[in-house]
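Chemist: Give me a model of this one.
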Amino acid sequence: MVLAEATYDVPRTAVITAARPRLGDAERAALVSRIKRLLDERDAALVAHYYVDSSLQQIAEETGGCVADSLEMARFGKEHSASTLVVAGVRFMGETAKILSPEKRVLMPTLEAECSLDLGCPADAFRKFREQYPEHTVVVYSNTSVAVKALADYVVTSSIAVPLVEHLRDQGKKILWAPDRHLGDYIRRETGADMVLWDGSCVVHDEFRSRELEKLCNAHPAAAVLVHPESPREVILQADVVGSTSQLIAAVRERPESEFIVATDNRIFYKMQQAAPGKRLIEAPTGGHSATCHSCAHCPWMAMNDLSSLADTLEHCTHEIFVDDAERVKALTATQRMLDFAAAHRRRVVGDA
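Modeler: Sure thing, here's the model as predicted:
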């Protein structure tokens, strides 16, 4: 394994706009009603990530939208008939929707919701890094800008990264991976692929600590440990299940344990509780002597998506995503390869079942 020699400073906390006053029940109900009306009037579908506030996830469910991981968000937005997509998540998710659906208007509750992985992999620096490895196949995580995706051979999400890299390994390919080093290291260990890794990390998952997790496991010995692969290796090694957000939700539903310690953004609990309402969910620790709790298990940028900002966006059609068309075309090639591979992989898995 080789890490990029240069590292790039990323703010450890997001610059968050002033917090809005807490909504009362009547005000919340009025906003929800207004949002539903505007979604219908704008011919818009709400596509929400598992990490945004549960109120937004609920609206997406109730209006025929989508609550999903980034792979399914991309697929849903492309296939839906709505002329406008409203993406509740972080900027790269809105950009991905625009890559796949250039004819559609793509709005977001805020354009200030960034991602530490995206910010930590600037396109110019990544281009120079890529030039050092001209024989490598470039695979980038979806948590990157359009400009970085335009430099890639494949885009992947965490749910499809391991089988895709296995496929490339079997073809004798060497892999240049960006930007999350923990996910890249996990993929390398799972596949045995020859990989060069960019040195990036997620502001949420990088904060989980093995020492505190071990203490929590000792206090709950019957609990299964679920870990997202953006977490540090020492945390991953303690897991009963390592997987994407959708895979972790499936584990809560399908596994026999009644308790689960969950090492990912805590807003995923909304869908986990729906999947298995009788089971107990416990947050993995981001505090303690060996942790600093920069994020406290919730992405501060995801938290910028709220009912008020969603209603304002729909009312005024603001916060629209635009991308450079030349970059979009290049990024589309790598992104479409992911979708095509995911569809073929799904058919193989179902056929083997």
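Chemist: When you work out contacts or count neighbours from here on, use the C-alpha atoms and nothing else.
Modeler: OK.
Chemist: Report pLDDT for E315.
Modeler: pLDDT for E315: 97.
Chemist: now swap in A353 and tell me
Modeler: At A353, pLDDT is 49.
Chemist: The stretch 51-200 of the chain: strands as residue ranges?
Modeler: 66-68, 84-88, 105-107, 137-141, 154-156, 175-178, 195-197 (DSSP state E, counting those that start in this stretch).
Chemist: List the buried residues of whatever helix or strand M338 lives in.
Modeler: Following DSSP states H and E, one finds M338 within helix 325-352. In terms of neighbour count (16 or more other C-alpha atoms under 10 Å), helix 325-352 has its buried residues at 327-336, 338-339, 341-342.
Chemist: now the residues you listed in JSON lines, with distance to V204 and pLDDT?
Modeler: Below are the buried residues of helix 325-352 laid out as JSON lines (distance: C-alpha to C-alpha, whole Å; pLDDT from 0 to 100):
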{"residue": "E327", "distance to V204": "29", "pLDDT": "97"}
{"residue": "R328", "distance to V204": "28", "pLDDT": "97"}
{"residue": "V329", "distance to V204": "31", "pLDDT": "97"}
{"residue": "K330", "distance to V204": "30", "pLDDT": "97"}
{"residue": "A331", "distance to V204": "26", "pLDDT": "97"}
{"residue": "L332", "distance to V204": "28", "pLDDT": "97"}
{"residue": "T333", "distance to V204": "30", "pLDDT": "97"}
{"residue": "A334", "distance to V204": "26", "pLDDT": "97"}
{"residue": "T335", "distance to V204": "25", "pLDDT": "95"}
{"residue": "Q336", "distance to V204": "28", "pLDDT": "94"}
{"residue": "M338", "distance to V204": "25", "pLDDT": "93"}
{"residue": "L339", "distance to V204": "26", "pLDDT": "92"}
{"residue": "F341", "distance to V204": "28", "pLDDT": "95"}
{"residue": "A342", "distance to V204": "26", "pLDDT": "91"}
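Chemist: Going along the chain, name the helices of the stretch 201-350 of the chain.
Modeler: 210-219, 233-236, 245-254, 269-275, 307-316, 325-352 (DSSP state H, counting those that start in this stretch).
Chemist: Which other helices and strands does the last one contact?
Modeler: Helix 325-352 makes packing contacts with helix 91-100, helix 146-149, strand 154-156 when contacts are defined by 3 or more C-alpha pairs under 8 Å, 6 or more residues apart in numbering; DSSP states H and E.
Chemist: These into a markdown table, with extra columns for mean neighbour count?
Modeler: Output for the helices and strands packed on helix 325-352, formatted as a markdown table (neighbours: other C-alpha atoms under 10 Å):
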| stretch | mean neighbour count |
| --- | --- |
| helix 91-100 | 25 |
| helix 146-149 | 25 |
| strand 154-156 | 28 |
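Chemist: Which stretch among the ones you listed approaches D180 most closely?
Modeler: Closest of those to D180 is strand 154-156, at 11.9 Å (criterion: C-alpha to C-alpha).
Chemist: Identify the residues contacting the closest one?
Modeler: 138-142, 149, 164, 333-335, 337-338 (C-alpha atoms under 8 Å, 6 or more residues apart in numbering).
Chemist: No more questions from me, cheers.
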